[in-house]
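Novice: quick one: sequence plus predicted model below, questions after.
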Amino acid sequence: MMSFSTILTAVRSDAGDEEILAAARLARSAVAHLSVLLISIAAPPPVGAHIESVSVAWLRQREVDKAKLHARADEVGKLLADALTPHSVTECYTELFHVDNIVGRDARYADLMVLGTGTLQDPALRHAVIDGALFHANLPVLLVPDETIATVEPQNVLIAWNGSLEAIQAVKRGRLLLKSAHEVTIAIVDPDADDQQSAEELNAYLLRSHIDSRTDELRSDGRTIHQALDDCAHDVGADLIIMGAYGHSRIRELIFGGVTRSMLDNPKRPIFLAR
């Protein structure tokens, strides 16, 4: 069973200290090294009329931005040192369309990506970072929305289940989290006979890992699958949802399946995504 010895977080360079400290608390609870990728998005190169004069201003602004990023990296390093968190800080100054590749490179040397409020509330950056982690490095991602607490020892976990390969891979990658839980719910929406059978097989699989679980068959009754899962998570008091990520990375824009995309756009509790 995998452990989290290195946790990676990608944050905007203007992110507040609390977002970084939240990642530090998670890393300390896992006895893990925290790698911080501090991202500043560069303006694209100028085009069109008066390009020479514009280019000079653009180059000057890049130097100013890089200096600000470097100063913030120093601040973050001191913040984490004061918080007694083993850490490294990497500066990333790049155009948005390069972010997924850069994240994918760093994500190869981590066990978990954690994303806090600032990154989650920036849709373009969020999609690029998740794309890089999941589809360039096959690294699981823990989303931690505002007013929630990240933990590697959740007490009540809901598995968003549909019998797919992505769903079972997410369960396997999240087994360490499931082992700590006192309650595990396998939630399936509008199940057919195949879904019911696969849920029974998952229950038996988890039991062999000494993880007790129960199945909750949900009727959508006019709700979206996302809404049905969220309602179930609320009803059972889940502090984490584990779900598979669906999509591909053949183009720069991240494309997810509908349920995954909806959960990303408005998460109400921590979500562990894997594939």
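Specialist: Looks like it came in fine. This is a predicted model, so every value here is computed, not measured. Residues are numbered from 1 along each chain as shown.
Novice: run the chain-centre distance for the longest helix anywhere in the chain.
Specialist: Longest helix in the chain by number of residues (criterion: DSSP state H): helix 51-82. Remark: helix 51-82 is offset 26 Å from the chain centroid, using Cα atoms, centre = their mean, to the nearest Å.
Novice: so what sits opposite the residue sitting nearest the centre point of the chain in the bridge?
Specialist: The C-alpha lying nearest the average C-alpha coordinate of the chain belongs to Val141 (Cα atoms, centre = their mean; 3.2 Å). Taking DSSP bridges as the rule, Val141 bridges to Met113, Leu273.
Novice: please enumerate the strands of the stretch 51-200 of the chain.
Specialist: Applying DSSP state E, counting those that start in this stretch to the stretch 51-200 of the chain gives strands spanning 87-94, 112-115, 141-143, 156-160, 183-189.
Novice: partner strands of the last one and their direction?
Specialist: Think strand 183-189. Short version: by DSSP bridges, strand 183-189 pairs with strand 156-160 (parallel), strand 214-218 (parallel).
Novice: just those strands: most buried one?
Specialist: Compared across the strands paired with strand 183-189, strand 156-160 shows the largest average neighbour count, a mean of 25 (mean count of other Cβ atoms under 10 Å). (Each C-beta comes from the backbone N, C-alpha and C, glycine too.)
Novice: report the mean confidence score over that strand.
Specialist: Computed over strand 156-160, the mean pLDDT rounds to 97.
Novice: give me the contact list for that strand.
Specialist: Under the contact criterion Cβ atoms under 8 Å, 6 or more residues apart in numbering, strand 156-160 has outside partners 167, 170-171, 174, 177-178, 181-187, 202, 213, 229, 232-233, 236-244, 259, 263.
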